[in-house]
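Novice: Below are the sequence and a predicted model for it; my questions follow.
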Amino acid sequence: MRVLLTTYGSRGDVEPMVALALALRELGADVRVCAPPDFSGLLDEAHVPLTPVGRPIRALATGLLAGERPKTLPEITAELAAMAYEAVTAAGDCDAVVSAGVIGMQAGVRAAAEKRGVPYTGATFSTNFVPSPHHPPVPWPGQTFPDGETDNRVLWDLNGEHLQRLFGPPVNALRESWGLSPTGSVRDLVLGDHPLLASDPVLAPWEPTPDLDVTQTGAWTRPDERPLPHGLEEFLAAGAPPVYVGFGSMPLQDAERTARAAFDSVRAHGRRIVLGRGWAALAPDGTSDDCHVVDEVNQQDLFRRVAAVVHHGGAGTTTTAARAGAPQVIVPQVADQPYWGGRVAGLGIGAAHEGPVPTTDSLSAALDTALSPETRARAAAASGTVRTDGARTAARLVTAWDPTAAG
């Protein structure tokens with residue numbers, strides 16, 4: 001069986017696809033991944049073939065493509081959809097397509113799959129991206145909900161209408177140019193008829209709804225066996241467990257202020273700091289020996305050895321910290337990150353910061369909660385409940401589409 005996996009986003013979008021690719025390969029499938037060119041090294045290390053799609057995501061996210069005029073959302077959508085369509089067409093024959101990531105990318109992938117007559121399924125890594133009467137949608141840019149409206153069905157209807165206004169015109173123009181019928185709901189188009197929900201059922205439960213045939217598989221993760229850098233090992237061994245502070249691929253609204261608040265609040269609690277540089281290029285203040293800076297590192301190992309994790313609330317980082325039993329402080333920046341903050345706070349395994357730019361006082365208050373013995377005990381207990389078989393579960397579902405597939 002030949003399976004094509006597609007995504008466009010940061011490492012948090014690509015890493016789950018690598019996990020699924022490896023699980024599919026264990027079942028005998030031939031797998032290729034369409035992803036941004038930034039991640040050629042990641043795919044090479046996993047020995048998974050890559051078909052690059054689009055331009056480097058880091059350059060786009062951090063504004064490094066100098067000299068270009070800002071593009072409108074419809075323009076970006078049309079560009080990504082066209083690139084995805086071409087990439088899927090160029091990727092060779094396949095028997096199934098699984099797509100996650102931004103809507104423009106998924107719309108192009110869905111169109112290419114339709115054109116080729118290949119089964120398509122959409123995937124998402126956060127429960128609150130899937131329509132349900134049990135939770136509200138994530139507000140999109142430019143979208144406001146009526147004051148006092150609390151009916152989730154109404155809110156999801158408004159969400160669908162808003163997404164159609166944003167993405168419908170460019171997507172439908174391309175679909176018609178490819179000889180396909182226009183869609184009345186881009187959101188439903190990219191989700192597909194049987195979407196896969198790659199989130200953990202304890203951290204982010206899905207309550208079944210008759211409106212959509214969703215399968216929650218658990219998060220798509222793979223064991224990380226990389227050793228920690230020697231310098232980091234020495235730092236960890238030199239004192240009590242530090243606090244990890246890192247915001248991954250987020251281009252922070254005020255990186256300098258955020259870093260200052262982190263340094264001051266962590267030190268006020270008598271803790272050292274492991275600082276994840278990330279795409280915001282966070283840097284230590286001076287030459288103090290209580291801070292160690294890391295780039296890409298084995299978080300599965302590191303998070304088991306820290307007192308707490310301060311991060312942006314990406315689905316992957318939240319799940320990794322929960323599996324490690326590390327208390328969390330989530331400082332959400334965009335999209336689903338407030339949802340993950342709410343889940344962590346609701347489960348009592350950490351704290352959710354209000355707003356994307358912390359102060360020393362606000363982050364100190366959150367750390368008071370995260371570093372308490374009660375929170376650490378709950379985080380340790382919760383770690384054993386997080387599923388580790390999500391990618392294998394999804395792989396079995398995908399291969400079941402082919403009656404001749406292994407497994």
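Specialist: Structure's in. What do you need? Numbers count the residues shown, from 1 in each chain.
Novice: Extract the C-alpha trace of the helix or strand hosting residue 265 and format it as PDB.
Specialist: Element membership of residue 265, judged by DSSP states H and E, is helix 255-268. C-alpha atoms of helix 255-268 as PDB (Å, rounded to 0.1, in the frame of the first residue of the first chain):
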ATOM      1  CA  ALA A 255      10.400  38.300  23.000                       C
ATOM      2  CA  GLU A 256      12.600  40.500  25.200                       C
ATOM      3  CA  ARG A 257       9.900  41.200  27.700                       C
ATOM      4  CA  THR A 258       8.900  37.500  27.800                       C
ATOM      5  CA  ALA A 259      12.500  36.400  28.400                       C
ATOM      6  CA  ARG A 260      13.000  39.000  31.200                       C
ATOM      7  CA  ALA A 261       9.800  37.900  32.900                       C
ATOM      8  CA  ALA A 262      10.900  34.300  32.600                       C
ATOM      9  CA  PHE A 263      14.400  34.900  34.100                       C
ATOM     10  CA  ASP A 264      13.100  37.000  37.000                       C
ATOM     11  CA  SER A 265      10.200  34.800  37.900                       C
ATOM     12  CA  VAL A 266      12.100  31.500  37.700                       C
ATOM     13  CA  ARG A 267      15.000  33.000  39.700                       C
ATOM     14  CA  ALA A 268      12.500  34.300  42.300                       C
END
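Novice: Can you name every helix or strand that it contacts?
Specialist: strand 243-246, strand 273-276, helix 360-370 (3 or more C-beta pairs under 8 Å, 6 or more residues apart in numbering; DSSP states H and E). Quick note: C-beta positions are derived from backbone N, CA and C, even for glycine.
Novice: give me that answer again for 7 Å
Specialist: Applying 3 or more C-beta pairs under 7 Å, 6 or more residues apart in numbering; DSSP states H and E, one finds that helix 255-268 makes contact with strand 243-246, helix 360-370.
Novice: what's in contact with that helix?
Specialist: 243, 245, 252, 273, 280, 282, 285, 290, 310, 357-360, 363-364, 367 (C-beta atoms under 7 Å, 6 or more residues apart in numbering).
Novice: Tell me which two in those are the farthest apart.
Specialist: 290 and 357 (23.3 Å; C-beta to C-beta).
Novice: hmm, back to that, tell me the most packed of the contacts of helix 255-268, by neighbour count.
Specialist: residue 310 (32 neighbours; other C-beta atoms under 10 Å).
Novice: per-residue confidence averaged over the one helix or strand that one maps to?
Specialist: Assigned by DSSP H and E, residue 310 belongs to strand 308-311. Per-residue pLDDT over strand 308-311 has a mean of 98.
Novice: and it, C-alpha only, in PDB?
Specialist: Output of strand 308-311 as PDB, limited to C-alpha atoms (Å, rounded to 0.1, in the frame of the first residue of the first chain):
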ATOM      1  CA  ALA A 308       8.400  22.600  35.400                       C
ATOM      2  CA  VAL A 309       7.900  23.400  31.700                       C
ATOM      3  CA  VAL A 310       7.000  27.000  30.600                       C
ATOM      4  CA  HIS A 311       5.900  27.000  27.000                       C
END
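Novice: Among the contacts of helix 255-268, find the lowest-pLDDT one for me.
Specialist: residue 285 (77).
Novice: In space, what's closest to that one - neighbours in sequence excluded?
Specialist: Distances taken as C-beta to C-beta, 6 or more residues apart in numbering place residue 263 nearest to residue 285, at 5.6 Å, with adjacent residues excluded.
Novice: Check what pLDDT the one you found gets.
Specialist: 94.
Novice: I'd like the distance between it and residue 156.
Specialist: 41 Å (C-beta to C-beta, to the nearest Å).
Novice: Then residue 341?
Specialist: From residue 341 to residue 156 the distance is 21 Å (C-beta to C-beta).
Novice: Neighbour count: these two, which is higher?
Specialist: residue 341 (25 against 19).
Novice: Could you tell me which residues make contact with residue 186?
Specialist: Neighbours of residue 186 in contact, by C-beta under 7 Å, 6+ apart: 103, 107, 163-164, 167-168, 171.
Novice: hmm, try it at 10 Å
Specialist: 77, 81, 103-104, 106-107, 110, 160, 163-172, 175 (C-beta atoms under 10 Å, 6 or more residues apart in numbering).
Novice: Tell me which stretches of the stretch 301-407 of the chain form helices.
Specialist: In chain order, the stretch 301-407 of the chain shows helices spanning 315-324, 337-347, 360-370, 373-383, 390-399, with DSSP state H, counting those that start in this stretch as the criterion.
Novice: quick one, the last one and helix 315-324 angle?
Specialist: Just to be clear, that refers to helix 390-399. 130 degrees (axes from the mean of the first three to the mean of the last three C-alpha atoms, to 10 degrees).
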